[in-house]
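In: Take this sequence and fold it.
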Amino acid sequence: MLLDTPHTQHRVEPPPSTGALDTLRGAAYRIGALAKHNTLIRLRDPGQMISYVAMPMVLMLVLKPLYVRAVEGGATQVATGLMVMFSVFAISIAGNAILVERTWRTWDRLRASRAPATELLLGKTLPIFVVMVVQQSILLVYGCLVIGLPIPRAPQYVVFAIAIWAFALLSIGAALATIVRSHGELSVISDVGALTLSSLGGALVPLSIMPDWAQVAAHISPGYWALTMMQAAVRGDAAGTLAPAGVLLAIGLVAGTFAVRRLTRGWGRGHLL
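Out: Below you'll find the predicted structure:
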């Protein structure tokens, strides 16, 4: 197996662990092997990732005049709103990365290896995490150079915000992958959920001009907290960045823990499909 079978000439698995350091090395090796494998899968089929970068770029250009005339700070609203909206679609990428193993009937083989569920999830989602960071970074630079988004006063806040948002989305995607039974189910839930959560959170229409009921309901949407966090990070507002980041971190931890428990108990086995 990818994670356990030794090569006849080169040792690819560390010796049996005798301490905490060896245990960490073994975990790092297994996570790295899975991450490398999934990176190759992503690189061989980059169409979905490219579309989630190209589409928001086009929409930013088309919608910029409307937002600039309609609301104060329209350039910031359209740039950050579409950044958040199209990053939510990464839920389907994360979910498919896990679900495809069940479709191929290889998930049980991974579960039979030395890697526990936490390592399996990390190896699956780390490449997508990098993809999300790159996507958001490209859109941020594009927003500053083309759309008129103010250059962030404290870039470290923006990096922090992107990392927290990516963690929350990937955890949600992993949790969904342990529940759904087909790619069709995952597609419906992730696509409809992405549009609903991002729209309700103010990614398409500024919250200030939404109906009263929508302004109240927006607080239950992760998209609302992500947009609030991202806009505060661009302004260089530390307090405004940390508060919503705490909410998203909690959401990510709950969803990630749920996914690990489901996989540990075998509720994500291939035969459920």
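In: For the protein, just list every one of the helices.
Out: Secondary structure of the chain, counting by DSSP state H: helices at 20-44, 47-70, 74-88, 90-103, 107-111, 117-142, 155-177, 183-200, 212-217, 222-235, 238-264.
In: helices and strands around the fourth one, which ones?
Out: Contact analysis of helix 90-103 by 3 or more CB pairs under 8 Å, 6 or more residues apart in numbering; DSSP states H and E lists helix 47-70, helix 107-111, helix 117-142, helix 155-177, helix 183-200 as its packing neighbours. For the C-beta atoms, the positions are set from N, CA and C on the backbone; glycine is no exception.
In: re the thing from before, quick one, which of the helices of the chain is nearest to Pro206?
Out: Set against Pro206 and scored by CB to CB, the helices of the chain come closest in helix 74-88, at 5.7 Å.
In: pLDDT on that closest one, on average?
Out: Throughout helix 74-88, pLDDT has a mean value of 89.
In: Low-confidence bits of the stretch 101-250 of the chain, can you list those?
Out: For the stretch 101-250 of the chain, residues meeting the criterion pLDDT under 70 lie at 102-113, 115.
In: how near is the closest residue to Ile151 other than its chain neighbours to Thr80?
Out: In space, not counting the residues next to it along the chain, Ile151 is nearest to Cys144; the distance is 5.3 Å by CB to CB, 6 or more residues apart in numbering. Plainly put, Cys144 is 11 Å away from Thr80 if you go by CB to CB, to the nearest Å.
In: Ala35 too?
Out: In this structure, Ala35 and Thr80 are 29 Å apart, going by CB to CB.
In: And these two? Which one has more around it.
Out: Between Ala35 and Thr80, counted using other CB atoms under 10 Å, Thr80 has the larger neighbour count: 27 against 19.
In: tell me the contacts of that one?
Out: Gly143, Leu149, Leu227, Met230, Gln231, Val234 (CB atoms under 8 Å, 6 or more residues apart in numbering).
In: Adding mean neighbour count, write the helices and strands packed on helix 90-103 out as JSON lines.
Out: Below are these laid out as JSON lines (neighbours: other CB atoms under 10 Å):
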{"stretch": "helix 47-70", "mean neighbour count": "15"}
{"stretch": "helix 107-111", "mean neighbour count": "18"}
{"stretch": "helix 117-142", "mean neighbour count": "20"}
{"stretch": "helix 155-177", "mean neighbour count": "23"}
{"stretch": "helix 183-200", "mean neighbour count": "17"}
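In: wait, which of those helices is closest to Val88?
Out: Comparing the helices and strands packed on helix 90-103 by their distance to Val88 (CB to CB), the top pick is helix 183-200, with 3.9 Å.
In: hey, C-alpha coordinates of the closest one in PDB?
Out: The C-alpha coordinates for helix 183-200 follow below in PDB (Å, rounded to 0.1, in the frame of the first residue of the first chain):
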ATOM      1  CA  HIS A 183     -21.100  12.900  -6.000                       C
ATOM      2  CA  GLY A 184     -24.600  14.100  -7.100                       C
ATOM      3  CA  GLU A 185     -25.700  14.600  -3.500                       C
ATOM      4  CA  LEU A 186     -22.400  16.400  -2.700                       C
ATOM      5  CA  SER A 187     -22.700  18.600  -5.700                       C
ATOM      6  CA  VAL A 188     -26.300  19.700  -4.900                       C
ATOM      7  CA  ILE A 189     -25.500  20.400  -1.200                       C
ATOM      8  CA  SER A 190     -22.300  22.200  -1.900                       C
ATOM      9  CA  ASP A 191     -23.500  24.300  -4.800                       C
ATOM     10  CA  VAL A 192     -26.800  25.300  -3.300                       C
ATOM     11  CA  GLY A 193     -25.200  25.800   0.100                       C
ATOM     12  CA  ALA A 194     -22.400  27.900  -1.300                       C
ATOM     13  CA  LEU A 195     -24.800  30.300  -3.100                       C
ATOM     14  CA  THR A 196     -27.100  30.400  -0.100                       C
ATOM     15  CA  LEU A 197     -24.400  31.000   2.600                       C
ATOM     16  CA  SER A 198     -22.400  33.500   0.500                       C
ATOM     17  CA  SER A 199     -25.500  35.400  -0.600                       C
ATOM     18  CA  LEU A 200     -27.000  35.500   2.900                       C
END
